[in-house]
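Asks: Sequence plus the predicted model coming up.
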Amino acid sequence: MKTELTVYIVECADGSFYTGSTKKQIEARVWEHNNLPGDSYCASRRPVRLVFTESYARIIDGHARERQIKGWSRRKKIALIERRYEDVPALANRKT
């Protein structure tokens, strides 16, 4: 059985983004964000909707990508979500 890690971004009801990763089927993880009790980031910002996924065969690569995306600015995340890959390098997380 092949272990795969999916890195994902969900958009919360307040317009914010949450980046995470899972070994589960992505639909199940999004369901958890929308339905499980708890005091996580998404729990107070429901409903959430899936806006981006990438899958990695090596878990270490997926976790590295998740950490990378979490450090990005909102504008850079939007470029990634919209698949505007050519814009991503220019959108460094800096104050202008």
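Replies: Arrived safely, thanks for sending. Numbering: from 1, shown residues only.

Asks: In this structure residue 48 contacts residue 35, no?
Replies: No. Judged on CB atoms under 8 Å, residue 48 makes no contact with residue 35 at a distance of 10.4 Å. To be clear about C-beta, it is placed using only N, CA and C from the backbone, and glycine gets the same treatment.

Asks: low-scoring pLDDT stretches of this protein, where are they?
Replies: Scanning the chain for pLDDT under 70 picks out 1-2, 93-96.

Asks: where along it do the strands fall?
Replies: 5-11, 17-22, 49-56 (DSSP state E).

Asks: quick one: the second one to strand 49-56, angle?
Replies: What it means is strand 17-22. Between the axes of strand 17-22 and strand 49-56, defined by axes from the mean of the first three to the mean of the last three CA atoms, to 10 degrees, the angle is 40 degrees.

Asks: Strand partners (parallel or antiparallel) of strand 17-22?
Replies: With DSSP bridges as the test, strand 17-22 is paired with strand 5-11 (antiparallel).

Asks: Equivalent analysis for the last one, please.
Replies: Strand 49-56 has its sheet partners listed here by DSSP bridges as strand 5-11 (antiparallel).

Asks: Quick one: distance of the strand it pairs with to the chain centre.
Replies: 3 Å (CA atoms, centre = their mean, to the nearest Å).

Asks: same thing with stretch 43-56?
Replies: That offset, for stretch 43-56, works out to 6 Å (CA atoms, centre = their mean).

Asks: what's the neighbour count on residue 9?
Replies: When neighbours are counted by other CB atoms under 10 Å, residue 9 registers 21.
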